[in-house]
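predicted model and sequence below, questions to follow.
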There are 2 protein chains.
Amino acid sequence: MTTLQTPGPTLGVVGGGQLGRMLAEAASPLGVEVVVLDPTPDCPAAPVARDQIVADFDDEAGIRELAARADVLTFEIELADQDVLERISEDTGTPVHPKPSTLRTIHDKLVQKRELEDAGVPVPPFRAVDDADDIRAAIDDYGAPVMLKARTGGYDGRGNVPVESKADAEDALESVAGPAMVEAFVEFEREVSVIAVNGDDEIATFPLGENIHVDEILRETIVPARSSEAVSERAYEVARDVLSVMDGRGVYGIELFETPDGEILLNEIAPRPHNSGHWTIEGAQSSQFEQHARAVLGWPLGSTELRSPTALANLLADVEENQDARLRHVDRVLETPGAHLHWYGKRTSRPGRKMGHVTVSGDTDADVEALLETARELESAVTFTAE
Amino acid sequence: MTTLQTPGPTLGVVGGGQLGRMLAEAASPLGVEVVVLDPTPDCPAAPVARDQIVADFDDEAGIRELAARADVLTFEIELADQDVLERISEDTGTPVHPKPSTLRTIHDKLVQKRELEDAGVPVPPFRAVDDADDIRAAIDDYGAPVMLKARTGGYDGRGNVPVESKADAEDALESVAGPAMVEAFVEFEREVSVIAVNGDDEIATFPLGENIHVDEILRETIVPARSSEAVSERAYEVARDVLSVMDGRGVYGIELFETPDGEILLNEIAPRPHNSGHWTIEGAQSSQFEQHARAVLGWPLGSTELRSPTALANLLADVEENQDARLRHVDRVLETPGAHLHWYGKRTSRPGRKMGHVTVSGDTDADVEALLETARELESAVTFTAE
């Protein structure tokens, strides 16, 4: 039996960026409080969090303070240190969700892929890379190009290097400092993702989203994806298999490839709410952030049903160099029916930085391609520079 | 041209109760920050506001500090002191919305009704009360019962006394300490309300809500109201006439009577987001709180369109005496698809106090009476006491 009190339960969140901010926005109606830990003073989550502890993501004293104030610890960045979290959780008795062991699995892409493959999750062919010969052998086996990936530390496409030919193997390996792995390059029809929720004795999946990347950065998501019913069902099945490998409650962003012949292959996993799930705030019955709060607290999950087809466009700072954050011409967004602005409150615009997003939701029978068109127009209308 | 910066504009809000809390929740995605002023330490809005200034609602030093930190001042309680606000706004140059003159009009129900009548707003017959003879004269003119009302300080039905016969006039007048007025008792078919938004050169109205009161306390709201199209249109027309008397931007809750022959009469006005508009968070394209933030900042208003029929049930503390706030059996709410819980984070349950609310939204063609049934079931399922 779930009982609410005042003050409500407190989530201690490692990381206070936009994910922490949207988590705090979603937690408040449930009477749930959020304290974030982030090294940047006045981080994006700070204005709507109960408090911010200013400390590095792996700062032991800071995380101990966070644990002391929290009923449950969670994180909104993969950079959270699994060993520190595990130790502090054991010492203080404050649970961590997802479990640090999950971070350990995900942090090393080679370990991750091996465990997923063992669990029956379809992954692109891959192998460990010790030297350039391994890359050349991969090209022999899978054909060129192949994708060389740093085993640790990469996200948003960072640390990923396509290798076009055997002659490029040495240079590519050098550019990826540290341990690496190599994967077959997947020719895909589209990139899709499932936002999946690991609850207490229950699992929920949001409707399949379709992701449009440019230069490996997520630009847009549309829901529902333009995949067939069968492909969508297969994606949910794969997502459930992925969760079977993940230990601990919470939201997971599961990025997938849909191949031209309708197969689903795993691409990446984020053990946290994911950019490709931001559409759920307006588009689903409960948002991924509300679900994350419910899940880590061990509360019943909410409905993941679609409310309306929705398109999301990220607002990436198109600036030449760092400057004070500023978004101009937002009236177009504010005036468009069904459009919703999310500004993350970052102090500085850096080239390509995610500064916010716009969603456009339609009627229940709206054409998602038309919504995408509108979202793109709105994204083009706003500017980060003086013009 | 609207430009967003970081940190975004700050709303200085007199009052930090549930309205301030939901305002802060809605302001955050827009990059708008909220500072509240409230005498209760750790008031409901505190966990999601940038800051709370602990001071009485009419504390001049506190409000000056609020004005210094804010781009615009607003209030979430009618108890805000119009004279203090006006003086500080003039001194500091920080605008106040709605305008203090509006508070002045609304604070005195006799002045309010006179100004509204002059503007062509249909109001129940009323007259000033200087002594018991005026009440008896009203009974002669309007028939018994009549409604005796304190001219100032009343809300949620407080200060309203039905007078059944001339013999009760003296006692009734005594129970209303201070200046009073008397109104004809309106036999109504239903109580409805329009949440109206006064923007910068634009006005918006949300779809008509139907309110179910018990003992003059709002228990439930359903949207759309079960009124005819013609009655609804008349209600929007009256709401617009009401706004013509109100000075300053912001959201107004306009409570109306629908008479058995389909006439609309004004009941009460709240110059702020209103309990009967909480359904807009899930049920409308933009919530009344988002609209209030947009309006007071002079930004374009959002769409007020209905997303889905919605029923709201208030969670009123059914306790015998004050106790620590606690809500049990919330699982039923959390598990019901389309249901959303809003817990206000008040520290103490007092008999009859509004502690939160539940909304139930359906598909676009859902039957609102069935939604009301579900909302009532959920309201009955949760308990404030140990059982």
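On my side now, so go ahead.

ranges for the helices of the stretch 1-150 of chain A?
A:18-27, A:60-69, A:82-92, A:100-107, A:109-118, A:132-142 (DSSP state H, counting those that start in this stretch).

ok, the stretch 151-300 of chain A next?
Assigned by DSSP H, counting those that start in this stretch, the helices in the stretch 151-300 of chain A fall at A:169-175, A:229-245, A:280-283, A:288-297.

highest mean neighbour count out of the ones you listed?
Neighbour counts (mean count of other Cβ atoms under 10 Å in any protein chain shown) averaged over each of these peak at helix A:288-297, with a mean of 28. Every C-beta, even on glycine, is put in place using the N, C-alpha and C of the backbone.

which strands and helices sit next to that one?
strand A:10-14, helix A:18-27, strand A:72-75, strand A:190-198, strand A:250-258, helix A:280-283 (3 or more Cβ pairs under 8 Å, 6 or more residues apart in numbering or on different chains; DSSP states H and E).

one more pass at 10 Å, please.
Secondary-structure packing of helix A:288-297 (3 or more Cβ pairs under 10 Å, 6 or more residues apart in numbering or on different chains; DSSP states H and E): strand A:10-14, helix A:18-27, strand A:72-75, strand A:190-198, strand A:203-205, strand A:250-258, helix A:280-283.

how about the ones you listed, which one is nearest residue B:170?
Residue B:170 lies closest, by Cβ to Cβ, to one member of those: helix A:18-27, at 53.7 Å.

list the buried residues of stretch A:206-221.
Within stretch A:206-221, the residues that count as buried by 16 or more other Cβ atoms under 10 Å in any protein chain shown are A:206, A:207, A:208, A:209, A:210, A:211, A:212, A:218, A:219, A:220, A:221.

for the last one, name its beta-bridge partners.
In other words, residue A:221. Beta-bridge partners of residue A:221, counted by DSSP bridges, are residue A:211, residue A:312.

residue contacts, the residue of the stretch 51-200 of chain A found nearest chain B?
Here the residue of the stretch 51-200 of chain A nearest chain B is residue A:51; by Cβ to the nearest Cβ that distance is 9.0 Å. The contact partners of residue A:51, by Cβ atoms under 10 Å, 6 or more residues apart in numbering or on different chains, come to A:10, A:33, A:34, A:35, A:36, A:37, A:65, A:66, A:69, B:47.

of those, which is the nearest to residue A:149?
Nearest member of the contacts of residue A:51 to residue A:149, counting by Cβ to Cβ, is residue A:37, at 28.6 Å.

any idea what sits nearest the closest one, other than its immediate chain neighbours?
residue A:53 (4.5 Å; Cβ to Cβ, 6 or more residues apart in numbering or on different chains).

now swap in residue A:122 and tell me
Per Cβ to Cβ, 6+ apart, closest to residue A:122 is residue A:265, 5.2 Å.

also residue A:239?
residue A:194 (3.9 Å).

tell me how many other residues surround the one you found.
28 (other Cβ atoms under 10 Å in any protein chain shown).

ok, it - contacts?
Counting by Cβ under 10 Å, 6+ apart, residue A:194 has contacts A:205-209, A:225, A:232, A:235-240, A:242-243, A:252-256, A:264, A:274, A:276-277.

bridge partners for it, pull those for me.
residue A:254.

how far off centre is stretch A:342-359?
16 Å (Cα atoms, centre = their mean, to the nearest Å).

so who does the residue sitting nearest the centre point of chain A touch?
Central residue of chain A (Cα atoms, centre = their mean): residue A:274, 2.5 Å from the mean position. Residue A:274 makes contacts with A:19, A:193-196, A:209, A:211, A:218, A:221, A:251-255, A:268, A:288, as judged by Cβ under 10 Å, 6+ apart.
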